[in-house]
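Trainee: one predicted model, sequence on top.
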Amino acid sequence: MAFTAFSNAGEIVEAIRTVRQARKYSGDPVSPEHLETLLQVARWTGSARNTQPWHFVVIDDPDTLRQISELRPPINWVADAPLAIALVMDGKSPDSEIYDEGRVAERLLIAARVLGLGGGVAWYGDEAQTAAGKRILGVPDELFNRGVVVIGHATSTKDTRPNANIGGRKPMSEVASHNRYGQSLS
């Protein structure tokens, strides 16, 4: 199969490059059409051996979002979001499912960005907090679920948490090598 470059490839690559974690959202709901698009993107994400080891729990109930936000202080911003999607994995192949979980989360964040929305990932926390998160959503013990992808109309991507990390990126020379680790690209 030959691939043809998209005529708007520059715009697409820029949209992917500029995906950022959003933690502040307007009160506007995500439209049913956008939710359907997001779920289709998630459903069609590739997985190890095409196992599709996931189930998506769509959360738009404000009380449920508040309960999730109270699992630990760094995810208190979830309470103000209009929508979250819990990624529930089968739990049959943890190593590959962790990879698949990350892959589907990133696809949701990219799709949200392309749709003009923002998104962020919120992990429940330690083992007890994760068990509490699963109880909130009625996820059976044998399934793997450790967080949600939050989606909404972002008002900011500034990290307002007290322990916020400094933004920006390391220089290319620190993160990429040519043919062998540590060998300069130029």
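Mentor: Good, I have the coordinates.

Trainee: can you list the weak-confidence ranges in the protein?
Mentor: Flagging of the chain using pLDDT under 70 yields the residue ranges 160-162, 164.

Trainee: and with 80 instead?
Mentor: Applying pLDDT under 80 to the chain picks out residues 158-167.

Trainee: going along the chain, name the strands of it.
Mentor: 24-25, 54-59, 83-89, 118-123, 147-152, 154-156 (DSSP state E).

Trainee: now do the buried residues in stretch 50-58.
Mentor: Using 16 or more other CB atoms under 10 Å as the burial criterion, the residues of stretch 50-58 that qualify are 53, 54, 56. The way it works is simple: take the backbone N, C-alpha and C, and place the C-beta from them, glycine included.

Trainee: which of the strands of the chain sits most buried?
Mentor: Burial of those is given as mean neighbour count (mean count of other CB atoms under 10 Å); strand 147-152 ranks first at a mean of 26.

Trainee: packing partners of that strand?
Mentor: strand 83-89, helix 94-114, strand 118-123 (3 or more CB pairs under 8 Å, 6 or more residues apart in numbering; DSSP states H and E).

Trainee: can you redo these as CSV with distance to residue 183?
Mentor: Shown next, in CSV, are the helices and strands packed on strand 147-152 (distance: least, CB to CB, whole Å):
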stretch, distance to residue 183
strand 83-89, 37
helix 94-114, 27
strand 118-123, 33
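
Trainee: quick one: closest of those to residue 170.
Mentor: helix 94-114 (19.6 Å; CB to CB).

Trainee: list the helices and strands that closest one packs on?
Mentor: Checking 3+ CB pairs under 8 Å, 6+ apart, helix 94-114 ends up next to helix 9-17, helix 32-43, strand 54-59, strand 83-89, strand 118-123, strand 147-152.

Trainee: perfect, I'm done here.
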